[in-house]
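Asker: sequence first, then the predicted structure, then my questions.
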Amino acid sequence: MSATRDDDVILALANVESSYGPIKAIRGVSLKVRRGEIVTVLGSNGAGKSTILKTISGIIDPNRGTVSFKGQNITAMDPSAIVRMGLSHVPEGREVFPLLSVRDNLMMGAYTRHDRDAVARDVEMAYSYFPILKERATQDAGLLSGGQQQMLAISRALMAAPELMLLDEPSLGLSPKLTREIFEIVVRINRERGTTMLLVEQNANMALNVADHGYVLETGRIVMDDSCAALREKEDIKEFYLGKKDTGVRGERRWKKKKTWR
């Protein structure tokens, strides 16, 4: 790998291990995210995808390894300090403030900022991406639909003016139509604002179509990484994530029997 490409790295994990009590969730994970890219992490439920994001954003302290953001070691740093450095986390399940209005939720995302005029512009920017939020600006966030809450969660993270966004299962519980809409906006944010994205997503087909590079996680370990264009052509990915070969019980049995990737 060239030094120039290494200079483009905005996020790097090196041999990171994190646990929930005695249970190791991720084991020796190393990955890199370059500026301006959308990078996705694929894996089955329980593989450790969300744990990677929580470790990066400081919600979970790793047992070992290092997390670097913009060349600075942020391992186990306070989450609020990580946000101030330019990293936002959109958690699984949205987690909006249900008793606050849509607008107040957006303003909570900007709590680290003091540039009032720019914050006001970014509120309008969020409304331009998701016009329904402007229509519901004074409504309590808890009264929004699941898709609207996801839009709000993404917009709230944008209000911190991040250089890197962590997106955890943005399509969870959404209809195919809403999923497409959410991902179209994610791509627009990346292309128009240059915001780098690290995406965890169960919808592997959608993730591989929008992302530049992908990592495959199995039982807490990275077992494969490549460009998404290359991953889409790999037989294992087609079989186990895109549903283009054996599926169901027979496919799962073959997965358990096979311990290595082709």
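Answerer: Nice, thanks for sending it over.

Asker: buried stuff in stretch 218-225?
Answerer: Residues of stretch 218-225 classed as buried: 218, 220, 222, 224, 225 (neighbour count, 16 or more other C-beta atoms under 10 Å). For glycine as for every other residue, the C-beta is placed from the backbone atoms N, C-alpha and C.

Asker: and stretch 27-43, by the same measure?
Answerer: Those buried within stretch 27-43 under the rule 16+ other C-beta under 10 Å are 27, 29, 31-34, 37-43.

Asker: can you lay out these as CSV showing distance to residue 158 and secondary structure?
Answerer: Shown next, in CSV, are those (distance: C-beta to C-beta, whole Å; DSSP: H, G, I helix; E, B strand; the rest coil):
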residue, distance to residue 158, secondary structure
27, 32, strand
29, 27, strand
31, 23, strand
32, 23, strand
33, 18, strand
34, 20, strand
37, 18, coil
38, 15, strand
39, 18, strand
40, 19, strand
41, 21, strand
42, 24, strand
43, 26, coil
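
Asker: measure stretch 213-233 end to end?
Answerer: 13 Å (C-alpha to C-alpha, to the nearest Å).

Asker: contacting residues around that stretch?
Answerer: Stretch 213-233 is contacted from outside by 24-31, 33-34, 37, 39-44, 47-49, 51-52, 207-209, 211-212, 234, 236-238, 242, 261, using C-beta atoms under 8 Å, 6 or more residues apart in numbering.

Asker: same deal with stretch 149-161?
Answerer: 83, 86, 88-91, 94-96, 102, 105-110, 112-113, 118-119, 122-123, 125-126, 129-130, 132-133, 141, 144, 165, 167, 170, 174, 178, 182, 185-186, 189, 195.

Asker: PyMOL command to pick out the buried ones of those residues?
Answerer: To isolate the buried ones among the contacts of stretch 149-161 in PyMOL, judged by 16+ other C-beta under 10 Å, type:
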select buried, resi 83+86+88+89+90+91+94+96+102+105+106+107+109+110+119+122+123+125+126+129+130+133+141+144+165+167+170+174+178+182+185+186+189+195
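
Asker: strands - which of the contacts of stretch 149-161 land there?
Answerer: 88, 89, 90, 165, 167 (DSSP state E).

Asker: that older thread, of the buried residues of stretch 27-43, which one scores lowest on pLDDT?
Answerer: Among these, residue 43 has the lowest pLDDT, at 90.

Asker: would you check that it makes contact with residue 49?
Answerer: Yes: with contact defined as C-beta atoms under 8 Å, residue 43 counts as touching residue 49 (5.1 Å).

Asker: and residue 7, how far is that from residue 30?
Answerer: Separation of residue 7 from residue 30 (C-beta to C-beta, to the nearest Å) stands at 18 Å.

Asker: all set now, cheers.
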